[in-house]
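# coordinates for the following, if possible.
(one chain, ligands or ions: 1)
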Amino acid sequence: MTAGVAARPLKILLAASEAVGFAKTGGLADVAGSLPRALTRRGHSCAVILPLYRCARTGPVPVTPTEHRLFIPVGDRTWEGRLWRATLPRSEVPVYFVEQPEFFDRDDRSLGLGLYQFTATDGHKRDYPDNCARFVFFCRAVLEALRLLDFWPDVLHANDWQTGLVPVYLEEVYRRHPDATLREKYLHVHTLFTIHNILYQGRFLPGDMALTGLDWRLFNYLQLESFDRLNFLKGGIVFANRISTVSPTYAREIQTPYFGEGLHGALSERRDRLFGIVNGVDYARWDPATDPHLPAHYSIDAITPGKPLCKAELQRRCGLPVDERAPLLGIVARLVEQKGIGLLTQAAPAFLEWGCQLVVLGEGDPYWHRLLEDLRNRHPDRMCLTLGFDEPLAHLIEAGADAFLMPSVFEPSGLNQLYSMRYGTVPVVRTTGGLADTVTDCTPATLAAGTATGFRFDPPWPGAFRDAVGRAVALYRERPDDWLHLMRNGMRQDWSWDRSAAEYEQLYARLVVG
Ligand code: ADP
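Presented below is the predicted three-dimensional model:
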């Protein structure tokens, strides 16, 4: 294969805190699992580096230790670690893991112990108190790994706050390495820092600067300090050679105070280096023609009987009346403020009164759990609520629902609207971030032009959301032929990783030439 538009094949190391197949809490895992595979198909040489969490060590993909040992200073103590190795599922892409049992071998779903947070006795999730030390260790380990593996990437692609200090250490420590040969090699590594969700910044008390081993002079508002906290994400933003985020609209939004979560100034300062690339879909895992989680398969040319069978199965599984004509609305989301659950609970009584069925799958804040439980208890014959993480059910909802709701307050890229379109399930979304960049609102003009793929609303108000769902339900009931067009338009879209990878490739290539 050829290296697309890049002048030569590139070497890329993607550093992330999760990747699908090994550890996943959100969309970042999908990116870290899929982008390197797509880049490899385009002729580039990629590797991934992750922490060795317990779920990665004991998961379905075999991981093996290497002989490479790490000795990393964190504060006044040196911690020992080791590199392990595996390959990304269905590929030859190497994945390296940073083992440090005290830092990373602690996650256990049954005990409420996650990758970054644990569930406290009051049911709320709290950050681990040693997150700063854990990810200082990881960031430095990433840079040590280049030397140990003798893998010198053209681009070191760091992601989210957990790797925010990678560009900082590269600049401040490794490019000043006392060994001239190594220094030269580190000088040739370029960095891209991708923000997947600006809400999560890795903020720590100023005293934690001591854990980083970095000079205190960096603790200032133009570098690592933000609102009197050490801020890992800001480190990535300020020190990386280029910054990207996961959609062009989100790239613009985070430069504003409303979306920027306090970092809009740092971002607008570097806006000429900030880009937006929408995430892709792994169509090998998300294809209604082959999806192993579905009771029947279908495709754009043969939607029936497969999709109606999936709908019936979903209704049965959820204990709802099996009724082909009831508009079935689906949601799969982390139940957090970002996902617009407040809008949903306020607008949903109207949908349910119109005769819609509502299926919600998610887990998150107990507050939203309670509001959704109240709603379900008031409409048990129309609504099904599953609190938990259930991948097979997520696939069945994408296939069995007629419309998929994403009333997000903000949505950096969003994957579910892309899965929905591929599954012929019409997305109803708020016009924000990646939702604005991927869903075209259904109007008489876009319907006639064959470009309509869903329904959008802008103001974050329950009434606006209700009206958008109202438009969808009216089209579904009154103009089934137009509804079918809408489904087919969505199914035809290409939001594959190959498309995203081509954009990342251009970004990397421009970065390497300067
Ligand atoms: P975010 O990264 O903000 O959570 P995305 O839409 O980008 O949102 O990606 C979320 C991913 O996680 C999707 O693949 C979605 O299907 C999956 N997901 C979220 N919650 C659940 C759940 N409770 N059960 C199964 N899959 C889920």
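# quick one, what contacts Leu361?
Listed by CB atoms under 8 Å, 6 or more residues apart in numbering, the contact set of Leu361 reads 330-333, 386, 388, 390, 393-394, 397. Every residue, glycine included, has its C-beta placed from N, CA and C.
# report the two of these separated the most.
Greatest spatial distance among the contacts of Leu361 (CB to CB): Gly330 and Gly388, at 15.6 Å.
# more neighbours, the two?
Counted by other CB atoms under 10 Å, Gly330 and Gly388 do not tie: Gly330 has more neighbours, with 27 against 9.
# give me the nearest residue to that one, chain neighbours excluded.
Leaving aside its sequence neighbours, Gly330 sits nearest to Ala401 (CB to CB, 6 or more residues apart in numbering; 3.1 Å).
# that neighbour and Glu313 touch, don't they?
No: the criterion here is CB atoms under 8 Å, and Ala401 misses it with Glu313 at 11.8 Å.
# of the two, which one has the most company?
Taking neighbours as other CB under 10 Å, Ala401 and Glu313 compare with Ala401 leading, 27 against 17.
# returning to that earlier point: from the contacts of Leu361, which is closest to the ligand?
Relative to the ligand, the closest of those is Ala394; by CB to the nearest ligand atom it sits at 3.8 Å.
# that closest one: which element?
Using DSSP states H and E, Ala394 falls within helix 391-400.
# mind listing what's buried along that helix?
Across helix 391-400, burial judged by 16 or more other CB atoms under 10 Å covers 393-400.
# list just the nearest of those residues to Thr163.
Ala394 (26.8 Å).
# need the pLDDT of that closest one.
Here, the pLDDT recorded for Ala394 equals 97.
# that one contacts Ile331, correct?
No: if you go by CB under 8 Å, Ala394 and Ile331 don't touch, sitting 10.2 Å apart.
# average pLDDT for the lengthiest helix in the chain?
Longest helix of the chain, by residue count under DSSP state H: helix 131-149. In this model, helix 131-149 carries a mean pLDDT of 98.
# pull out the buried residues from that helix.
Buried, per 16+ other CB under 10 Å, within helix 131-149: 131-149.
# just to be sure, Ile331 is in a strand?
Yes: with DSSP: H, G, I helix; E, B strand; the rest coil as the criterion, Ile331 is located in a strand.
# contact residues of this structure facing the ligand?
26-27, 30, 332-334, 361-363, 389-391, 394, 413-416 (CB under 6 Å from any ligand atom).
# can you turn the buried part of these into a PyMOL selection?
Buried subset of the residues of the chain next to the ligand, written as a PyMOL selection, criterion 16+ other CB under 10 Å:
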select buried, resi 27+30+332+333+334+361+362+363+390+394+413+414+415+416
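# what ranges does the stretch 401-514 of the chain have for its helices?
Using DSSP state H, counting those that start in this stretch, the helices of the stretch 401-514 of the chain run over 416-422, 433-438, 444-449, 462-478, 480-492, 497-513.
# export those helices to TSV and tack on mean pLDDT?
Shown next, in TSV, are the helices of the stretch 401-514 of the chain (pLDDT from 0 to 100):
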stretch	mean pLDDT
helix 416-422	97
helix 433-438	98
helix 444-449	97
helix 462-478	98
helix 480-492	98
helix 497-513	95
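# now these as CSV including distance to Leu111?
Converted to CSV, the helices of the stretch 401-514 of the chain look like this (distance: least, CB to CB, whole Å):
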stretch, distance to Leu111
helix 416-422, 28
helix 433-438, 34
helix 444-449, 49
helix 462-478, 37
helix 480-492, 40
helix 497-513, 34
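# just checking: what are the partner strands of the helix or strand encompassing Phe275?
Per DSSP H and E, Phe275 falls inside strand 274-276. Partners of strand 274-276 in the sheet, by DSSP bridges, are strand 242-245 (parallel).
# how far does the strand it pairs with sit from the chain's center?
15 Å (CA atoms, centre = their mean, to the nearest Å).
# export the next helix or strand after that strand to PDB, keeping only CA atoms.
Next in sequence after strand 242-245, counting helices and strands by DSSP H and E, comes helix 248-253. Output in PDB follows, covering the C-alpha atoms of helix 248-253 (Å, rounded to 0.1, in the frame of the first residue of the first chain):
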ATOM      1  CA  PRO A 248     -14.000  21.200  13.200                       C
ATOM      2  CA  THR A 249     -17.000  22.700  15.100                       C
ATOM      3  CA  TYR A 250     -15.600  21.600  18.500                       C
ATOM      4  CA  ALA A 251     -12.200  23.100  17.500                       C
ATOM      5  CA  ARG A 252     -14.000  26.500  17.100                       C
ATOM      6  CA  GLU A 253     -16.300  26.000  20.200                       C
END
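# ok, then the element right after helix 248-253?
Defined by DSSP H and E, the subsequent element after helix 248-253 is helix 257-260.
# which other helices and strands contact that next one?
Secondary-structure packing of helix 257-260 (3 or more CB pairs under 8 Å, 6 or more residues apart in numbering; DSSP states H and E): helix 248-253.
# give the buried residues for the helix it packs on.
248-253.
# so what's the closest residue to Met491 other than its chain neighbours scoring on pLDDT?
Spatial nearest neighbour of Met491, chain neighbours left out: Ile300 (4.3 Å); criterion: CB to CB, 6+ apart. pLDDT recorded at Ile300 is 98.
# correct me if wrong: Ile300 contacts Gly490.
No: between Ile300 and Gly490 there is no contact under CB under 8 Å: 9.4 Å.
# overlap in contacts, those two.
Common neighbours of Ile300 and Gly490 (CB under 8 Å, 6+ apart) are Gly424.
# so for those two, which residue has more residues nearby?
The neighbour comparison of Ile300 against Gly490 (other CB under 10 Å) goes to Gly490, with 26 against 15.
# what about the closest residue to Thr256 other than its chain neighbours, neighbour count?
Closest residue to Thr256 apart from its sequence neighbours, by CB to CB, 6+ apart: His264 at 5.6 Å. Using other CB under 10 Å, His264 has 17 other residues around it.
# ok, residues contacting stretch 102-120?
With CB under 8 Å, 6+ apart, stretch 102-120 has contacts from 17-18, 23, 25, 51-55, 57, 79, 98-99, 125-128, 130-131, 133-134, 137-138, 162.
# from those residues, which land in helices?
54-55, 57, 131, 133-134, 137-138.
# list the buried ones in stretch 321-331?
For stretch 321-331, by 16+ other CB under 10 Å, it's 326-331.
# and the helices in the stretch 101-250 of the chain?
So, for the stretch 101-250 of the chain - with DSSP H, counting those that start in this stretch - the helices run 101-104, 131-149, 166-172, 180-187, 209-212, 232-239, 248-253.
# average pLDDT for the fifth one?
So that's helix 209-212. 98.
# neighbours around Ser268, how many?
14.
# so it sits right up against Gln255, yeah?
Yes: with contact defined as CB under 8 Å, Ser268 reaches Gln255; the gap is 4.3 Å.
# give me the domain ranges for this protein.
Domains of the chain are assigned by automatic domain parsing as 11-280+498-513, 306-494.
# which one of those domains lies nearest to Pro288?
Between Pro288 and the domains of the chain, the tightest spacing by CB to CB is seen for domain 306-494, at 5.0 Å.
# who are the contact partners of Thr249?
276, 432-434, 436-437.
# same thing but 10 Å
259, 276, 278, 410-413, 431-438 (CB atoms under 10 Å, 6 or more residues apart in numbering).
# ok, so of those, who is nearest the ligand?
Nearest to the ligand among the contacts of Thr249: Ser413, at 5.7 Å, using CB to the nearest ligand atom.
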